[in-house]
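# Structural data only, the sequence is not supplied:
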């Protein structure tokens, strides 16, 4: 043990031991010399004899080193020192190489940081492996994977043996007053299982009491209808940020009363910061309320995100089979609500990372490609250096360096470069990760928790070793081809024939990989273009959108809400700078769904519903195919009217000329509505989903629902009218807050931002790869020119033209580039299926991209080849031949 | 590990350590040259080994703590590193001698029984 440490010390810091040895050996030699002189030899002979008796001093030192330390470690140290010295001697080369590697390693480290958090550690809950998300699906109604309803979950809880608990989480939103200032907030309604499932410990206060889960006061805070008078206060737990913002972090906040939509609620606790389960369909929750108990609401109200915990040892498949049986028996008991509805189960991890998974892996693959190209580049550069240093290598071999030592020398040089690059890359990643996060689309789960830690450092280090090995391997392999005979050769550049194939292969690989990346970027650019050029069905320019939440005691019942909106919308239209304003749904957002009955059809038609005020379509810039807009006269005293979109008309009647046709709302048992207008399709659910069929009912005639989103078309920049809008709302009701303010263009931009982000990254990767591959091509042709200068001189002397000369030096490069191109296109075709999930409006084998990319690359190759080719044509035969 | 590249030392490694320890135990502190001279005396063949091969043995023994080196003046007023045997070195010498005897005795018997 002791010896191990001493050897380690001597391997790492050999200075003292080495000096001591030199001193000892020279004393030894002197004494030997004296002895020989005493025996009668002359001074010189005595010195020689002494050396002979001692043996080779250098060998002796090597044996000594071997015994006193670990030779391999000692060699490694000396190789590293040598590598550092030789790299410092050519700073240009070293800087370029290190910067290249730093870029590539940094990009990969940054991406890994994201992948690690989002994919590998996606669910930070206790027993995450046993958690599963449950959905309800109705294949007949084409309603797939919807969140379940509370009564269904309650029945599952009673019947299921596969799960040991079910937690249901529902979104809601309201305006909170009674704290610092009115604020529109998102809430999450939770069942008691939330706490055991999430393992959350409150920062302050207590979890809800069992009795609070079924209290009418709590139910009345949500949209659930409660029969009879509501007494008492609801109980709420507030989020950490809300506590800081609205209560100044008051440690005595527990027990304070606030009003949610005008109803009294008391704070019983504070959630810790950074809680994971805070995302609802309404946004990020800052208030948690109890739900369940006796009050479960409507079995058809499917909106509770449900997470189940599998009993130990139960597989997803077994649980799935059991749940389908349970669903079937519920459907029998409640045929009206649950016919055809069944249950689907997915591991929670999968459901969390569903969208992000393929995207991130593809980006990660892109990053890996860049790293490979960078390594190929460094290998190429090192090879070039190796060629320039073949004399040095030959000399080292002549004085006794073994092949193994030479190989390890090259590997060390690659390794030193890669580690320096890795260090740079890590710093780069530290700097880039926050930027990456800020640019990233918000739908990547858990992005806010991303930071760089030790695991990431370890990954970075491993990556650097890999890169070093990869880069150092080529020159190491090539150095086997060097022989002592190289000393005889006159030119430092002549290289053994055995390694000539290495650089062209490297360049071909570089070209191939960058083609794959470029094709990917091209396809993604085309997808982005397709997404941004979509027929929207509305005009997003100069449109302001926001929400005004009106729930509360003052707005009990539809009539009060309708009255409010019917007053606010015209008030907004009177503001200067506003062209038209209306309440109604906002495109690109999901709206509520309704089933419509059509005379002569047995199956109802499901469509997105919307209940706008007049001028909604003008504010949105939607186009009428036929008919007219709603007016203030379309109220509950006049004939019931609807406006439908083209998609609805086609689905319901198979025709677009449907003015005057009639429909009814299912379950509402209401009157018939006559179609008075047909609209061009509008993108609702999402930008890239095909337009849903839509039905618009005038707000004044609506008996089903109201919406609280406003659409305001302005004459100038939309945000300019925002202060006026706030004033107008305040004048009508000082307790109301407006929320979710965004221009329609911002919403559009947000909708395509994941695409833009991905394109931006892959685009960046392909540019880096292209530049590196261009350098590779340049290096190759440059070498061809340099090594064949004498030959070119002879040919020019014999009358070769410039074009012929270029053909000579370029032929090899053209061949290599073509091979790379073919490899790259083949690689693209092979990876197209992988990329398919990220594409939109473009085929994976898009002919435009597949033709454009090689052209781009050929242009780059020509640019890279111009300078060396010119040099070749200017070879002066006299000078070239004299040089030989 | 790397000592396989050095068959000379390998061959005599065990015995060399033992001889050095023994020499230091009987003769008192010695510098490397003195040890080498002693070795040549014992083997009676001055060229059987390079004097340099002593050095790995010395560093090995020193790292094990069996011998200790210190810079001192020789009789002829020269500087030299004098090695002396330590307490644990003395113990080790006894053990190693035992082991050596057993081994050689075993090998002898084997060879004689042929």
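That came in fine, so what should we check first? What you see is a predicted model, and the numbers here were worked out from it, not measured in a lab.

# Please enumerate the helices of chain B.
Here chain B has its helices, by DSSP state H, at B:7-27, B:32-43, B:54-64, B:87-112.

# ranking those by burial, who's on top?
Looking across those with neighbours counted as mean count of other CB atoms under 10 Å in any protein chain shown, the highest average goes to helix B:54-64: a mean of 22. Heads up, the C-betas are built off the backbone N, CA and C, glycines and all.

# quick one: contacts of that helix?
Here helix B:54-64 makes contact (CB atoms under 8 Å, 6 or more residues apart in numbering or on different chains) with A:2-3, A:6-7, A:21, A:24-25, A:60, A:63-64, A:66-68, B:9, B:13, B:16-17, B:20-21, B:32, B:35-36, B:39, B:67-69, B:83, B:89, B:92.

# That one versus helix B:32-43: what angle between them?
On the basis of axes from the mean of the first three to the mean of the last three CA atoms, to 10 degrees, helix B:54-64 is oriented at 110 degrees to helix B:32-43.

# Work out the gap between helix B:54-64 and the centre of the chain.
Counting by CA atoms, centre = their mean, to the nearest Å, helix B:54-64 is centred 9 Å from the centre of its parent chain.

# Mind pulling up the pLDDT for the spatially most central residue of chain B?
Among the residues of chain B, the one closest to the centroid is residue B:20, at 2.4 Å (CA atoms, centre = their mean). For residue B:20, the pLDDT comes out at 84.

# Report the spatially nearest residue to it, omitting neighbours in sequence.
residue B:57 (5.5 Å; CB to CB, 6 or more residues apart in numbering or on different chains).

# On the pLDDT front, check that neighbour for me.
What the model reports for residue B:57 is a pLDDT of 80.

# Kindly report the same for residue A:442.
Looking at residue A:442, its pLDDT stands at 51.

# again with residue A:691
Per-residue confidence at residue A:691 stands at 81 (pLDDT).

# Contacts only, for it.
Residue A:691 touches A:537, A:645, A:647, A:681-684, counting by CB under 8 Å, 6+ apart.

# what do you get for residue A:583?
Contacts for residue A:583 (CB under 8 Å, 6+ apart) come out as A:548, A:565, A:568-569, A:612-613, A:616, A:699, A:706-711.

# Tell me the one of these nearest chain B?
Nearest to chain B among the contacts of residue A:583, counting by CB to the nearest CB, is residue A:709 at 75.1 Å.

# Check whether the closest one really touches residue A:544, as I assumed.
No: with contacts counted by CB atoms under 8 Å, residue A:709 stays clear of residue A:544, the gap being 11.2 Å.

# Between those two, which is the more surrounded one?
Neighbour count, other CB atoms under 10 Å in any protein chain shown: between residue A:709 and residue A:544, residue A:544 has more, with 26 against 19.

# Leaving out sequence neighbours, find the closest residue to the more buried one.
Nearest non-adjacent residue to residue A:544, counting by CB to CB, 6+ apart: residue A:718, 3.8 Å away.

# show me the contacts for residue A:568.
Going by CB under 8 Å, 6+ apart, residue A:568 touches A:548, A:583, A:710, A:728-729, A:732.

# make that residue A:399, sorry
No contacts exist for residue A:399 under CB under 8 Å, 6+ apart.

# Could you check how far it is from chain B?
Look at residue A:399 and chain B: by CB to the nearest CB, to the nearest Å, they are 17 Å apart.

# and residue A:341, bridged to which residues?
Following DSSP bridges, residue A:341 is listed with bridge partners residue A:138.

# Report how many residues lie close to it.
Neighbours of residue A:341 under the rule other CB under 10 Å: 25.

# likewise residue A:830?
Using other CB under 10 Å, residue A:830 has 10 neighbouring residues.

# Kindly report the same for residue A:336.
Residue A:336 - counted by other CB under 10 Å - has 8 other residues nearby.

# so where does it fall, helix or strand?
Residue A:336 is part of helix A:335-338, with elements assigned from DSSP states H and E.

# Give me the contacts around that helix.
Contacts with helix A:335-338, where a contact means CB under 8 Å, 6+ apart, come from A:152, A:299-300, A:327, A:330-331.

# Mean confidence (pLDDT) on that helix, please.
In this model, helix A:335-338 has an average pLDDT of 87.

# Please identify the buried residues of that helix?
Buried residues in helix A:335-338, counted by 16 or more other CB atoms under 10 Å in any protein chain shown: A:337-338.

# same question, stretch A:536-549
For stretch A:536-549, by 16+ other CB under 10 Å, it's A:536-538, A:540, A:542-549.

# Any idea how many residues pack against the closest residue in space to residue A:275 that isn't next to it in sequence?
Once flanking residues are discounted, residue A:275 sits nearest to residue A:200: 6.1 Å by CB to CB, 6+ apart. Neighbours of residue A:200 under the rule other CB under 10 Å: 19.

# any idea how far residue A:200 is from chain B?
Taken as CB to the nearest CB, the span from residue A:200 to chain B is 55 Å.

# mind checking which helix or strand residue A:269 is in?
strand A:263-270.

# For chain B, what's its nearest residue on the stretch 301-450 of chain A.
Chain B sits closest to residue A:402 of the stretch 301-450 of chain A, with a gap of 9.2 Å, by CB to the nearest CB.

# and that residue, what pLDDT?
Here, the pLDDT recorded for residue A:402 equals 70.

# That one - how many residues pack around it?
Counted with other CB under 10 Å, residues neighbouring residue A:402 total 11.

# now stretch A:859-875, how far from the chain's geometric center?
Using CA atoms, centre = their mean, the mean C-alpha position of stretch A:859-875 is found 40 Å from that of the whole chain.

# which residues sit against it?
Here stretch A:859-875 makes contact (CB under 8 Å, 6+ apart) with A:511, A:770, A:773-775, A:777-778, A:781-782, A:784-785, A:789, A:792-793, A:796, A:802, A:805-806, A:808-810, A:813, A:817.

# Could you tell me which of the residues you listed belong to strands?
Per DSSP state E, strands hold no members of the contacts of stretch A:859-875.

# just the buried members of those residues?
A:511, A:770, A:773-775, A:777-778, A:781-782, A:784-785, A:789, A:792-793, A:796, A:805-806, A:808-810, A:813, A:817.

# Restricted to helices, list those.
Counting by DSSP H, the buried ones among the contacts of stretch A:859-875 place A:511, A:770, A:773-775, A:777-778, A:781-782, A:784-785, A:789, A:792-793, A:796, A:805-806, A:808-810, A:813, A:817 in helices.

# right, and residue A:548 touches residue A:707 too?
No: using CB under 8 Å, residue A:548 is not in contact with residue A:707; the gap is 10.2 Å.

# Packing partners of the one helix or strand residue A:386 maps to?
Using DSSP H and E, residue A:386 falls within helix A:348-388. Helix A:348-388 is packed against helix A:91-115, strand A:131-138, helix A:403-439, helix A:454-479, helix A:502-532, helix A:753-787, helix A:802-835, with contacts defined by 3 or more CB pairs under 8 Å, 6 or more residues apart in numbering or on different chains; DSSP states H and E.

# Can you tell me what sits against the shortest one?
In other words, strand A:131-138. Under CB under 8 Å, 6+ apart, the answer for strand A:131-138 is A:123, A:125, A:143-149, A:152-153, A:156, A:163, A:166, A:197, A:302, A:305-310, A:316, A:319, A:323, A:327, A:340-349, A:351.

# now the angle from it to helix A:348-388?
Using the same axes, to 10 degrees, the direction of strand A:131-138 lies 120 degrees away from that of helix A:348-388.

# same deal with the last one?
Helix A:802-835 and helix A:348-388 are oriented at 160 degrees to each other (the same axes, to 10 degrees).

# Could you identify the helix or strand that succeeds helix A:802-835?
helix A:847-873.

# So for that next one, mean pLDDT?
85.

# Next, the angle from it to helix A:753-787.
Helix A:847-873 runs at 30 degrees relative to helix A:753-787, counting by the same axes, to 10 degrees.

# Can you give me the buried ones in stretch A:672-680?
Those would be A:673, A:675-680, for stretch A:672-680 by 16+ other CB under 10 Å.

# From chain B, how far out is residue A:278?
58 Å.
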